[in-house]
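Asker: no sequence on hand, only this structure:
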């Protein structure tokens, strides 16, 4: 019995070490592991490898913890049976003891220790877990595959041990604990969301793109830069769908400074830079890495090869840190509360933001902006005063701007009939369902009556046939008797 108790204690300690390892490794990122290696800390090289691909190591740590806990439970159960016999009291005692021990020694203590002293614990366990992973990795991968096979949906290739959702949860916990500010929390979430954001969601749309023709002089280009406030503009040939380069303000200013006559004599195509084209479906995180090498402005093309818009590094940074205003930007709020309860919003406001304003979920695979939703609801290009009800909201075209008379502002309010319409549709559906059930029951009843009538008719025909047959036999017998 003593040997079983010792085994149970040792296995419980192993499970506690595995639990502390999981908690510590989950809090150490690649950058911190690299810093520890630079400091020459013992165990840091192994920790760098673990931080680079933590999922297999966390899988092994979980397997060790679960195996040790189960082994300790079995040892305590055998010890209880030896002391109390095979009755129910031994099982109850073993269950109570292991529940308390697992909660305190495995669940609470080691995990708290791993979180509070993440660096020390991670440095201590990383070499051993790395070696153990090389041995047990095939087994854990097989178990993960089996687990995914019994899990609804696609499952996770590396198991549920490292995910973006966990990272978001850590960030939210850090903000709630006031370790980071609310703005920092939003910024981190924005960085995570970059991989799910597409170029067309951050670009300046073609209707707002300022461009210069290739045969314009540098003086004309400088005038355009000063009037628009932009420092980079596309150079076009036959129109916006024929971009041939990007013109930079610095290049124009340098040329006009070095050659004073260049402003009147040289064309913009002589100093423009080669354009970079990207599809509108390109993820923004990949686009940012590409623009770090390719330049500060790229031209976005749609699926048909036409110009969809322009993206600058500033547009991507604004997705992370919010709007960046400079001395040329005109402050115009995208959302404005009106006294009558309506909201005046920009036609380019994203549908997700519109849904947040009214506390509803707006899903549409065809359009992304308020202006697009209004045009879809109308089925035509909106004009001043055009109004439609869609997605539980009433949208009214209000203001237009620019030479193209493009939609700029839209008035939005809740549709009071939306809730009534939903209730009415539900009632109609219920009435239709009841009528359908009644019709099915009536058809079934008619079928039963028809079947019973047919059975009765068959029985009557059979009885008449039997009667005729008996009458014929009777007549035949009488004839024979007379003869």
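Answerer: Sure, I can see it. This one's a predicted model, so the numbers in the text were calculated from it and none came from an experiment.
Asker: mind checking pLDDT for residue 240?
Answerer: Looking at residue 240, its pLDDT is 86.
Asker: same question for the one 5 residues further on.
Answerer: Reported pLDDT at residue 245 in the predicted model: 93.
Asker: could you identify the helix or strand that succeeds the one helix or strand it maps to?
Answerer: Assigned by DSSP states H and E, residue 245 belongs to strand 243-248. Next helix or strand after strand 243-248 toward the C-terminus (DSSP H and E): helix 249-258.
Asker: and that next one, average pLDDT?
Answerer: What helix 249-258 shows for mean pLDDT is 93.
Asker: now do residue 30, the pLDDT please.
Answerer: pLDDT, read off for residue 30, is 74.
Asker: which residues touch it?
Answerer: 48, 51, 52 (CB atoms under 8 Å, 6 or more residues apart in numbering). Every C-beta, even on glycine, is put in place using the N, C-alpha and C of the backbone.
Asker: gap between the closest residue to the last one other than its chain neighbours and residue 53?
Answerer: Right, residue 52. Leaving aside its sequence neighbours, residue 52 sits nearest to residue 30 (CB to CB, 6 or more residues apart in numbering; 6.1 Å). Remark: distance between residue 30 and residue 53 (CB to CB, to the nearest Å) = 10 Å.
Asker: just residue 349 next, same as before
Answerer: 41 Å.
Asker: just residue 344 next, same as before
Answerer: 50 Å.
Asker: compare neighbour counts for these two and give me the winner.
Answerer: residue 344 (17 against 13; other CB atoms under 10 Å).
Asker: let's see the pLDDT reported for the nearest residue to that one once chain neighbours are set aside.
Answerer: Residue nearest to residue 344 in three dimensions, not counting chain neighbours: residue 336, with 4.3 Å by CB to CB, 6+ apart. For residue 336, the pLDDT comes out at 86.
Asker: strands paired with the helix or strand hosting residue 336, and their directions?
Answerer: Taking DSSP H and E as the criterion, residue 336 maps to strand 335-337. If you go by DSSP bridges, strand 335-337 pairs up with strand 343-346 (antiparallel).
Asker: can you count the residues close to residue 238?
Answerer: 9.
Asker: ah, wrong one, I meant residue 406
Answerer: Counted with other CB under 10 Å, residue 406 comes out at 14.
Asker: what about the most centrally placed residue in the chain, distance to residue 79?
Answerer: Centrality entry for the chain: nearest residue to the mean C-alpha point is residue 196, 7.1 Å, by CA atoms, centre = their mean. Between residue 196 and residue 79 the distance, using CB to CB, works out to 53 Å.
Asker: for residue 409, give me its contacts.
Answerer: Contacts for residue 409 (CB under 8 Å, 6+ apart) come out as 344, 345, 346, 347, 398, 399.
Asker: meant to ask about residue 182, not that
Answerer: By CB under 8 Å, 6+ apart, the neighbours of residue 182 are residue 175.
Asker: and what of residue 50?
Answerer: 25, 33, 57, 122, 126, 129, 130.
Asker: isn't the third one right up against residue 24?
Answerer: No: judged on CB atoms under 8 Å, residue 57 makes no contact with residue 24 at a distance of 11.3 Å.
Asker: returning to what we had before: tell me which of the contacts of residue 30 fall in strands.
Answerer: Taking DSSP state E, every one of the contacts of residue 30 sits outside strands.
Asker: tell me which of those is nearest to residue 116?
Answerer: residue 51 (18.9 Å; CB to CB).
Asker: which residue packs closest to the closest one, ignoring adjacent ones?
Answerer: residue 33 (3.9 Å).
Asker: give me phi/psi at the one you found?
Answerer: phi -60, psi -40 (degrees, to the nearest 10).
Asker: tell me the contacts of it?
Answerer: The contact partners of residue 33, taken as CB under 8 Å, 6+ apart, are 44, 47, 48, 50, 51, 122.
Asker: tell me the pLDDT of it.
Answerer: Checking the pLDDT column for residue 33, the value is 81.
Asker: residue 303 too?
Answerer: Per-residue confidence at residue 303 stands at 87 (pLDDT).
Asker: and the gap between it and residue 59?
Answerer: From residue 303 to residue 59 the distance is 41 Å (CB to CB).
Asker: what is the burial count for residue 214?
Answerer: 19.
Asker: quick one: the helices in the stretch 151-300 of the chain, in order.
Answerer: 164-176, 182-193, 199-202, 218-228, 249-258, 262-265, 284-294 (DSSP state H, counting those that start in this stretch).
Asker: could you pull up the mean pLDDT of the last one?
Answerer: Translated: helix 284-294. 87.
Asker: for it, which positions count as buried?
Answerer: By neighbour count with 16 or more other CB atoms under 10 Å, helix 284-294 contains the buried residues 284, 285, 287, 288, 291.
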